[in-house]
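>>> Output the structure for:
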Amino acid sequence: MSRIGRKPIGIPAGVSLERQGNAITVKGPKGVLTRTLCPDIQIDIEDNQIQCTRPSDHPRHRSMHGLTRTLLNNMIEGVTNGFSVSLDILGVGYRASMDDGQLALAIGKSHPVRLKPWEGIEIEVPAQNKIIIKGIDKEKVGTFAAIVRKQRLPEPYKGKGIKYSTEVVRRKVGKTGAAKK
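Below you'll find the predicted structure:
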């Protein structure tokens, strides 16, 4: 049995669930999320708790058991607290700003890179070298943060680029000025 899949999910106050076949809609104080889940996994809602069970030990059922429970948990977490990803910009002259509702990145290219936030994504730029991406859908927040980071990946020699705040960039030693023979 999956350790993650068998854990019950508590439904906090102010959150409501609606189920129509495989589609589950979660409504909370921050918004509404809808997702179609695996039809093989049985979802039981009783006493403000959700329990996911699988019909057999078939490899597909085993793999979908924990995934279904995690997706439901992320939906509930998103509509109650939301998710955020923090990015740091490192490099001389590298900076970010919000311009007409778009994220403008000056990251050493000949032109500023402009990214329009997706629906349900909110971007904050508290400082020129810090970006905070917020939203209720964990998948959208993480994917948009990865797209922003991909514009200038952190390089190992000087550490310049866009990195996650929790990321550690392994630095390499550059070439030495050894004399040629």
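
>>> and residue 93, how many residues sit next to it?
Neighbours of residue 93 under the rule other CB atoms under 10 Å: 8. For the C-beta atoms, the positions are set from N, CA and C on the backbone; glycine is no exception.

>>> Just want the phi and psi numbers for it.
Backbone torsions for residue 93, taken as degrees, to the nearest 10, come to phi 80, psi 0.

>>> Now do the contacts for it.
The neighbours of residue 93, taking CB atoms under 8 Å, 6 or more residues apart in numbering as the test, are 106, 108.

>>> and the residue nearest the centre of the chain, which of the three is it?
With distances taken as CA atoms, centre = their mean, the residue of the chain nearest its centroid is residue 142 (2.4 Å). Reducing the assignment to helix, strand or coil with DSSP: H, G, I helix; E, B strand; the rest coil, the entry for residue 142 is helix.

>>> and what of the one 5 residues further on?
Applying three-state DSSP to residue 147 yields a three-state assignment of helix.

>>> Which residue ranges of the protein form helices?
Taking DSSP state H as the test, the helices found in the chain are 59-80, 138-150.

>>> can you tell me which of those helices the model trusts least?
Between the helices of the chain, the lowest average pLDDT goes to helix 59-80, which shows a mean of 93.

>>> what inclination does it have with respect to helix 138-150?
For helix 59-80 against helix 138-150, the angle between stretch directions is 80 degrees (axes from the mean of the first three to the mean of the last three CA atoms, to 10 degrees).

>>> Which residues does helix 59-80 contact?
2-5, 7, 9, 11-12, 14-15, 24, 26-33, 35, 37-38, 40-41, 43, 50, 52-55, 83, 135-139.

>>> Buried ones in that helix, by neighbour count?
Neighbour-count burial for helix 59-80, with 16 or more other CB atoms under 10 Å as criterion, is recorded at 61, 64-80.

>>> for stretch 122-141, same thing?
Applying 16+ other CB under 10 Å to stretch 122-141 flags 123, 125, 131, 133-138, 140-141 as buried.
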